[in-house]
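Q: Starting from these lines, generate the structure:
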Amino acid sequence: MIAKDASVESNSPSLESNNEHQTTLKPQTSVKETSSKRFSRRGSEWEILEGLKDGQRFDTKPLAYSGYLHKKRKWPLKGWHKRYFVVDKGMLIYGKSPGDIARGKIHGHVDIGLSVISTKSKRRRLDIDAEEFIYHLKAKTLEQFTEWVEQLKKHRLYRQHILTFGNGSSKMAAENNKISRGKIRTKAPHVARIGQTIWRPLPSSGPSSVGQYSGRFQPSGTNH
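A: Model (predicted):
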């Protein structure tokens, strides 16, 4: 049975986003246009994370990163609530705890490569605007805030690189690496299937073990 708190938190605009930041949806615009418009409204204390520039590449896949942040809600439980976040390959998901994430109880997810991320170091604030909804987040310490900003920068650039150029170059490099390392013909059929295995996420106690998150996250339902 899904917990009461999880039932009201969702990446659905009618629940999560409309309650936290009620706006009228506008026609979709590019990330650059959106960043420029929202930066002018934010003010000097807010900074917008830059995206991938024209011709720029960022094909180095960053390690997965996880930790607790506080997420703002307006209804029905107004205030800041502690949630566990995991960012992997440009996708950010969250739940109540590492255990919930491991069991697939995910409250929401967002593609940060397609979102506008603004930061406010003085307040340790992170706002992730995905048009349909906004995550208002806050770190407990300045050190945690700084680390999250750096991680989100890397994952956002990597995700935008994949969306722009695809991951064909990475696959080609991996194949070349296999050939150069061994040039061995394998007779074990199970070896070829390793790359197709879908690994379920495992509990994590911090950034040191987030490398275990290497598969597809499977939410247990639509309303969390």
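Q: pLDDT below threshold where in this protein?
A: Applying pLDDT under 70 to the chain flags the ranges 1-43, 168-224.
Q: Try it again at 90.
A: Filtered on pLDDT under 90, the chain yields the residue ranges 1-45, 55, 74-77, 167-224.
Q: where along it do the strands fall?
A: Listed from the start of the chain, the chain has strands (DSSP state E) covering 47-48, 65-73, 79-88, 91-95, 108-111, 116-120, 125-129, 134-138.
Q: can you tell which of those is closest to Phe165?
A: Nearest to Phe165, of all the strands of the chain, is strand 108-111, at 16.4 Å by CB to CB. Every residue, glycine included, has its C-beta placed from N, CA and C.
Q: name the helices or strands packed onto that closest one?
A: strand 91-95 (3 or more CB pairs under 8 Å, 6 or more residues apart in numbering; DSSP states H and E).
Q: Touching the strand it packs on from outside, list them.
A: Applying CB atoms under 8 Å, 6 or more residues apart in numbering, the contact partners of strand 91-95 are 6, 69, 71, 83-87, 101, 105-112, 128, 152, 155, 159, 217, 224.
Q: Can you go through those and name the buried ones?
A: Those of these that meet the buried threshold are 6, 69, 71, 83-87, 101, 105-110, 112, 128, 152, 155, 159, 217, 224, by 16 or more other CB atoms under 10 Å.
Q: What are the contacting residues of stretch 111-125?
A: Residues from elsewhere that reach stretch 111-125 (CB under 8 Å, 6+ apart): 31, 34-35, 38-39, 42, 45-49, 87, 90-92, 126-131, 136-142, 144-146, 149, 152, 155-156, 158-160, 162-163.
Q: Great, nothing more from me.
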